[in-house]
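Trainee: Give the three-dimensional model of this entry:
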Amino acid sequence: MKPDEIDAMVPRWREAGLSSSLIATLELGKRISRLNMLFEQAIKNDLAELGLTYAEFDVLAALLRAPSRRMRPSELAKSLFLTSGGISNVLQRLSTAGYVEREADEGDARSRWVRLTGEGRRMAAAALETTAGAYHDVSAGVPEEVVRQAADDLREVLTHLGRRRYR
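Mentor: Numbering: from 1, shown residues only. Next up, the predicted model:
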């Protein structure tokens, strides 16, 4: 196995007296952050060419995969880890661009639904294709079985971490 930039930090962590379990956790976190940065950078660059931000893409993709093809803003915010103000800003931009429209919720006069327009569905499909290409480009050269094993191992880690509550 070829060493990476994270491996260069390990001797300093050992010298600082950190436990082997903490060092392993730090390595995991640093590598996850690095991978996320590589994927996110490639995706953001490709989305910018389409005139979308990452948050806008996230909303379009969430609406595209929603079973009824519509969601409440509060559902979008919760599923995408956005604040109510953040989702409001994103929805306003997408509405102005003609990608989403809001409609009244007949069951609750205080609530509204958000759904994709025809143009929004086309843009969501184009953005999904673009992001798939970015993921492919970033991971090019990594054997599929290595990617599959890493994805499975990270699922196991997340299963354990997902049970915790943080302040």
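Trainee: Quick check: closest non-adjacent residue to the residue most central in space within the chain.
Mentor: Closest residue to the average C-alpha location of the chain: D58 at 7.2 Å, with Cα atoms, centre = their mean. Excluding the flanking residues, the one nearest D58 by Cβ to Cβ, 6 or more residues apart in numbering is L80, at 5.0 Å. Bear in mind the C-beta positions are built from the backbone N, C-alpha and C, glycine included.
Trainee: same thing with L76?
Mentor: Here the residue nearest L76, using Cβ to Cβ, 6+ apart, is I87, at 5.4 Å.
Trainee: so which strand or helix has that neighbour?
Mentor: Element membership of I87, judged by DSSP states H and E, is helix 84-96.
Trainee: what's that helix packed up against?
Mentor: Applying 3 or more Cβ pairs under 8 Å, 6 or more residues apart in numbering; DSSP states H and E, one finds that helix 84-96 contacts helix 54-65, helix 73-80, strand 100-104.
Trainee: hmm, 10 Å instead?
Mentor: Packed against helix 84-96 by the contact rule (3 or more Cβ pairs under 10 Å, 6 or more residues apart in numbering; DSSP states H and E) you find helix 54-65, helix 73-80, strand 100-104, strand 112-116, helix 118-139.
Trainee: Just the CA atoms from the longest one would do, formatted as PDB, please.
Mentor: Below are the C-alpha coordinates for helix 118-139, written out as PDB (Å, rounded to 0.1, in the frame of the first residue of the first chain):
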ATOM      1  CA  GLY A 118     -40.500  20.500 -17.100                       C
ATOM      2  CA  GLU A 119     -37.400  22.600 -17.400                       C
ATOM      3  CA  GLY A 120     -36.400  21.700 -13.900                       C
ATOM      4  CA  ARG A 121     -36.700  18.000 -14.700                       C
ATOM      5  CA  ARG A 122     -34.500  18.500 -17.800                       C
ATOM      6  CA  MET A 123     -31.900  20.500 -15.700                       C
ATOM      7  CA  ALA A 124     -32.000  17.900 -12.900                       C
ATOM      8  CA  ALA A 125     -31.300  15.100 -15.400                       C
ATOM      9  CA  ALA A 126     -28.400  17.100 -17.000                       C
ATOM     10  CA  ALA A 127     -27.000  17.800 -13.600                       C
ATOM     11  CA  LEU A 128     -27.200  14.200 -12.500                       C
ATOM     12  CA  GLU A 129     -25.400  13.200 -15.700                       C
ATOM     13  CA  THR A 130     -22.700  15.900 -15.100                       C
ATOM     14  CA  THR A 131     -22.200  14.800 -11.500                       C
ATOM     15  CA  ALA A 132     -22.000  11.200 -12.400                       C
ATOM     16  CA  GLY A 133     -19.200  12.100 -14.800                       C
ATOM     17  CA  ALA A 134     -17.400  14.100 -12.100                       C
ATOM     18  CA  TYR A 135     -17.600  11.100  -9.700                       C
ATOM     19  CA  HIS A 136     -16.300   8.900 -12.500                       C
ATOM     20  CA  ASP A 137     -13.400  11.200 -13.300                       C
ATOM     21  CA  VAL A 138     -12.300  11.600  -9.700                       C
ATOM     22  CA  SER A 139     -12.300   7.900  -9.100                       C
END
